[in-house]
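Q: got a sequence here, can you build the structure:
(chains A, B, C and D, ligands or ions: 4)
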Amino acid sequence: MSPTLDEAAVAVEKSASGKSVSRRSFLKGMAATGVGMSVLATGLKSVAHAQQLTPDLTDAKLVDMYAKMLRMRWWDRTYGDILLTDQNFRSWAHIWYPYAGQEAVAVGVTTALNQDDWIATTWRGAGHMIAKGGDLKKMTAGITMKATGLNGGYGASMHWTDKSIGYLFSTGIVGPNVVLMAGVAAGIKQRGTKQVAVAFASDGAHASPYFHVALNEAALLKLPLLYIIENNLYAGGAYYKVQNHLDDIATSAKGYDIPGVVVDGQNVLAVFNAAKTAVARARAGDGPTLIEAKTYRYYGHSGGAGVKVGRMGSFGLAYRPDREVLAWMARDPVEIQKTLLLNLGIITEAKAEEMVQAAKAEVAEAFKFAADSPVPKAADALRHVYSSGGPVAARQFANTKLF
Amino acid sequence: MSPTLDEAAVAVEKSASGKSVSRRSFLKGMAATGVGMSVLATGLKSVAHAQQLTPDLTDAKLVDMYAKMLRMRWWDRTYGDILLTDQNFRSWAHIWYPYAGQEAVAVGVTTALNQDDWIATTWRGAGHMIAKGGDLKKMTAGITMKATGLNGGYGASMHWTDKSIGYLFSTGIVGPNVVLMAGVAAGIKQRGTKQVAVAFASDGAHASPYFHVALNEAALLKLPLLYIIENNLYAGGAYYKVQNHLDDIATSAKGYDIPGVVVDGQNVLAVFNAAKTAVARARAGDGPTLIEAKTYRYYGHSGGAGVKVGRMGSFGLAYRPDREVLAWMARDPVEIQKTLLLNLGIITEAKAEEMVQAAKAEVAEAFKFAADSPVPKAADALRHVYSSGGPVAARQFANTKLF
Amino acid sequence: MPVKGWTYAKFEGIVQGVGDSKDFLYTSEGGAGTASWQGYPTIDFKKLYGPNSVIVTGIDEMWYTAVGVGAALIGLKTVVDHGMYMANALTFDLIHQQASKLHFMHGGDLTVPAVFVQSIAAQEKGLAGQHAEYEEDSWYMHSAGLKTVIPTTPYDMKGLMIAALRSGDPVVLLEYAGFRGLSGEVPDEAYEVQIGKAAVRSRGNDITIVSSGNGTPQMLAAADRLKKEGVSVEAIDLLTLHPLDTETLVKSVQKTKRLLTVDQSKYTLAPGAEVVARVAEAVPGAKFKRIAFPDAPVAAAPELLEYNRINPEHVYQAAKWLLAK
Amino acid sequence: MPVKGWTYAKFEGIVQGVGDSKDFLYTSEGGAGTASWQGYPTIDFKKLYGPNSVIVTGIDEMWYTAVGVGAALIGLKTVVDHGMYMANALTFDLIHQQASKLHFMHGGDLTVPAVFVQSIAAQEKGLAGQHAEYEEDSWYMHSAGLKTVIPTTPYDMKGLMIAALRSGDPVVLLEYAGFRGLSGEVPDEAYEVQIGKAAVRSRGNDITIVSSGNGTPQMLAAADRLKKEGVSVEAIDLLTLHPLDTETLVKSVQKTKRLLTVDQSKYTLAPGAEVVARVAEAVPGAKFKRIAFPDAPVAAAPELLEYNRINPEHVYQAAKWLLAK
Ligand SMILES: Cc1ncc(C[n+]2csc(CCOP(=O)(O)OP(=O)(O)O)c2C)c(N)n1
Ligand SMILES: Cc1ncc(C[n+]2csc(CCOP(=O)(O)OP(=O)(O)O)c2C)c(N)n1
Ligand SMILES: [Mg+2]
Ligand SMILES: [Mg+2]
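A: Ligands and ions are numbered 1, 2, ... in the order given. Sure, this is the predicted structure:
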């Protein structure tokens, strides 16, 4: 039996004769041994880990990635608990698209990006907002349709923009975000900045006509585009194979002669490395990459059914077995990252627990901010039709002027 | 130097000791020798021919294929001559989309079909009409917008239907015919007939969103669909690589995990064989095939510019060199088929000439029929909006009743 | 008369409209081709028409629509029931640029016996613009070659579906998603609700109010209130948007001399514009008022949404205003 | 004033509307981003804005439109000039369901400074329905969040283009393909033709005639004939379909008491319906007449095509008819 990551770490530290080693030299040592180490409880092989950890991920960065994953996780769990317990909660299950279970994808990809790289996502876009550094308060006020929130009540949970962090938009429509981001990539190319454009979507988007248009043209024009398919196995209640002739959606990249990469979506470092390669390719002007991250959503499509206060995930859904949910939870992306940090000695259990509490507190504060915020003014429904901001004419009343 | 097809034929006939051999035994003998025979003037290898000629192509069939190609060829040439010479000709260059140069594709594919298999094509659909056995008179009256013609003047040259021969429709829009034919294939599947649905298009259709929708869904549902891309190198005045990242459009089939076949579009037998395989696959319920036939159109996109009376093809077009046209004409599909028939001893030069004259005469008669036919009645512009046929209300006149 | 739910009525209409043939294809993004109603047998298209009669393959509205058109071209009756209003615009090219024009352009040699059930969003809170917009009525009202109908009761849903399937023409059947929970009286036997005929929901002499789709319940609620106040209201539910029933509209306003149109659709070129324009030409001296959703997208927050959306109070006030003129 | 061609006026409008910035992207299916006119320098976007400012990649209207929307989202001014009217419906989803709603749904955090030059077919003989239809005016007139303009002279083309590019909003500029050969007076300097303002092409007191796009030349020819006969005609060219200039229309009919609308678009819900409806509400007792292309697709044969298409004779006869009422 090959040594576990823990044992290997001890061995390397020992070989450094009592002197405290940095993570880097530890890893080099570990990689040098070339041992096929045993699978961690998390399902990761430590050799793979060692190869995946790259010099540009500092300890602080690895901790930050974990902190973001915790924020995502607890934002979802808190929303669920409030939804079930607070009669006056100004939001609904039908506009809550939980991301729990997929955190490694958003964090892995965005870690490979600069702040000014543009991303776009879908209804399931809260995770990406946090990953890109978004404001929990504005998000929460957004999903509760408060005047202080993202979009000020006009668009609730599916239409978020924070340009200051490169979160260009989320959308509620399956398909078009990738072609709009290919358009963004064309704009980037025209400007000559070395930004990249990243579209996040899921397995349901493959059948969309925009899938073809975006990848075909991005390949032809060598646009700086990443298309991240978070294959969470379901589109609504439909298993992905109902709409996919392909086992791996990434195979479709062959039809465009571009790289199509399948990656473990529970492992944030695997995702990061795939994204890093794709980003480098994009910045070099070599064109788009399709990345399919195999992952899972713990909750339902939107979060209502099968949720219990204090318990993560949705159970008892007709279209998927509970044991499937549990199997994926056994490879939980947040736990995997935590274990890594512990095993590498970057944080302690106590610190980890402290981070969980901090995330919870931050989330709680955001929900409080949202609850305390004012609702929009009714008559503002006539505003923001045009960029001048002024209202258009009312037409619902008898006594309004015709011009 | 290996023997020519002629020499081989003589050799085989001799070995049959003076007894007149059928073409079939001749071919078997030739195949048995396994000689890599010399390239014919036409560019065909005779061994390849021998393999391609299958038992279901009788001599009569091979002659019939040639006859169809002649009809297509002379229909185009005649239209061009009349267009340039007859001031009163009731048609225009902008609705004439010549097929000359591509004849082998339509004939090769349709020869692999039954009469009740459905085809659909594009603006360049006169060739397919003849290949499927359409009526030259109705076609010609159609393109001249006569009441006796296909669509009776309502749709001129781009909207033909003859259900009796399985020509379901031609269209003027780039892209959608394949997805409609995938829908036809779904209808066939529901009916349980063993028909196939065939869409003809060209290189310009690859970028269409419908390309993806059709192939993705047809692959998933294993629909009896053939998509024939007649890659004639140009979409309008744009070389196909302007819009295609791929050298071979057939490569895109890989993205759907279906067969993508590149075939010599000047060789009717090569096309036939590719289609035959695809048809067998479709009828067996194994799904769609994408066939890319490399071919060329001798005329311009629509036939006006660069045409001279009595001369085939358009020359002096800005976007393509004349020598390219001539190079393709040196591998003319009609000539290739004629040479085959001569070399196989199926017809003589005299018979070939007789067939040319017959085709010309038939075409001339069709143009005469069209010229002699009446134009549609103006007020019928209000009819055929609905299948009941009756007129909708006039709205262009002041004094019509409101109801 | 037996009471049935909206969707069961739709399915009954499909089965009776298709008739004895198995030449039928149903595509849907939402369902599985089945509908149930208490006391009635479950309608299961796969059982009735075979396993290949139902296509439900994923999120691909173009595809469902293409099947509806393509299979209809070879003579199958088809129903496209994708239900995904947020993708209606994506299907517009196939319905409008293909289905509506083929019969004419081919001089009658092609027919498209397809029914496109195009959902209109229920204008639900929390969703906003792309998921909550009420607007498709105008798109399809302007298309020639299509017939466009918009039922407001299970009875009309079934009767219009049967008429649509028997017509042999491409029909857009606009289904306001908010009606899916309705139930109402629906005869068991086959019947047609005539395409091209508006329904006079209440007869009266003082004012004509015209609406359609989800404007209709607002109109009817306001009409009840007005009637209680002694106003004699003629309330007309268009039911067919194209071809429009000019005769019923004109005859009504010839009598009442006052026309109020009510649209949930956005004001500019909402169906009410056509109604007023036709009547104005035919009935000199009549008085007109239109109310509609303003020319703005639909917002998510309840306050914003409800401010713009037409409700019975809006209709009532507009009627009073017009009656006072 | 200098005379210039339609397309050169369009290109001048683009250059002056974009201003000094290189934050510009032009997509086109037809051209190469260049325009020439005698006595003027060739306008070549690639030279002005760099090699990546022009995207012309093939037959992919969705793509051109997507670039126009996407690049605008990060602040580039974009012009989508695909020119392929037969594919307008294919771009409807991106223009209508995305571009028109994003600013609102995102509470103002996104803007879409994009101009979509949507061609309207020239109703040419030999082509029929899919290639010859005149209908897009109504689609975009019903969209909120868009501004929809329809120039009829090179002067208006340039001035509306500049106004559109400066507005910061998504603008659909409907370009009747039959106008591409026009030339006319076009100042060299930058100027705006105000969006939301109709042009009164001739002032008069007896009758108001309103048209737009390729209805306008038919209207103007008939107006000339009527004027020669002593009729005092007020002829209004809408120029902007959304937001519609109600004031100009109403004030005119308050004066003339007679309104004739002229549409090349198909009758039901053609722009004239909205014009009549707004005026009917505001001007009691006025008389109305609408003529339009009937509710039928466009046919290929000249006899059929010309029977239905609005020409000056139709307008003249309808005006006489209305004047006699
Ligand atoms: C074009 C379109 N069709 C249908 C819908 C309705 N819809 C919203 S989300 C969804 C499922 C999407 O599944 P997937 O793409 O796998 O994303 P996931 O929810 O798994 O993140 C559907 C069908 C839509 N929003 N847009
Ligand atoms: C959707 C659409 N866009 C543009 C056009 C205009 N158009 C007609 S034919 C053509 C070129 C088509 O080239 P290709 O597909 O290669 O066919 P070919 O003419 O070579 O047979 C174009 C651009 C159209 N008819 N439909
Ligand atoms: Mg999914
Ligand atoms: Mg081509």
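Q: beta partners for the residue of chain A found nearest ligand 3?
A: Closest approach between chain A and ligand 3, counting by CB to the ion: A:Ser202, at 3.3 Å. Placement of C-beta: from N, CA and C, glycine included. A:Ser202 forms beta bridges with A:Glu230, as assigned by DSSP bridges.
Q: test my guess that it contacts A:Ile229.
A: Yes - using CB atoms under 8 Å, A:Ser202 is in contact with A:Ile229, at 6.5 Å.
Q: which of these two has more neighbours?
A: A:Ile229 (30 against 27; other CB atoms under 10 Å in any protein chain shown).
Q: find the nearest non-adjacent residue to the more buried one, please.
A: The shortest distance from A:Ile229 to any non-neighbouring residue, by CB to CB, 6 or more residues apart in numbering or on different chains, is to A:Glu292 (4.6 Å).
Q: ok, that neighbour - contacts?
A: A:229, A:231, A:248-250, A:260-263 (CB atoms under 8 Å, 6 or more residues apart in numbering or on different chains).
Q: which SS class is it?
A: For A:Glu292, the assignment made with DSSP: H, G, I helix; E, B strand; the rest coil gives strand.
Q: pLDDT below threshold where in chain A?
A: For chain A, residues meeting the criterion pLDDT under 70 lie at A:1-55.
Q: go again using 50 as the cut-off
A: Scanning chain A for pLDDT under 50 picks out A:1-22, A:24-45, A:47, A:50-51.
Q: give me the most central residue, it.
A: The centroid of chain A falls nearest to A:Ala106 when counting by CA atoms, centre = their mean (2.5 Å).
Q: what's the closest non-adjacent residue to that one?
A: That would be A:Ala131: by CB to CB, 6+ apart, it lies 3.9 Å from A:Ala106.
Q: wait, the one you found touches A:Lys68, no?
A: Yes - between A:Ala131 and A:Lys68 there is a contact under CB under 8 Å: 5.6 Å.
Q: the two: who's more crowded?
A: Each of A:Ala131 and A:Lys68 had its neighbours counted (other CB under 10 Å), and the higher figure belongs to A:Ala131 (30 against 23).
Q: can you list the residue ranges for helices in the stretch 201-325 of chain C?
A: C:216-228, C:246-256, C:271-282, C:302-308, C:312-323 (DSSP state H, counting those that start in this stretch).
Q: check these for me and report the most buried one.
A: With neighbours taken as mean count of other CB atoms under 10 Å in any protein chain shown, the helices of the stretch 201-325 of chain C reach their highest mean count in helix C:271-282, at a mean of 27.
Q: CA atoms only: put it into CSV for me.
A: Provided in CSV are the C-alpha atoms of helix C:271-282 (Å, rounded to 0.1, in the frame of the first residue of the first chain):
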residue,chain,number,x,y,z
PRO,C,271,-54.0,43.7,-30.8
GLY,C,272,-56.2,46.5,-29.6
ALA,C,273,-54.6,48.9,-32.1
GLU,C,274,-56.0,46.8,-35.0
VAL,C,275,-59.3,46.6,-33.3
VAL,C,276,-59.6,50.3,-32.9
ALA,C,277,-58.3,51.0,-36.4
ARG,C,278,-60.8,48.7,-38.1
VAL,C,279,-63.7,50.0,-36.1
ALA,C,280,-62.7,53.6,-36.5
GLU,C,281,-62.8,53.2,-40.3
ALA,C,282,-66.2,51.6,-40.1
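Q: show me what that helix is in contact with.
A: B:402, C:137-138, C:141, C:210-212, C:238, C:241, C:244, C:246, C:249-250, C:253-254, C:259, C:261-263, C:265, C:286, C:288, C:290, C:292, D:268-269, D:272-274, D:276-277, D:280-281, D:288-290.
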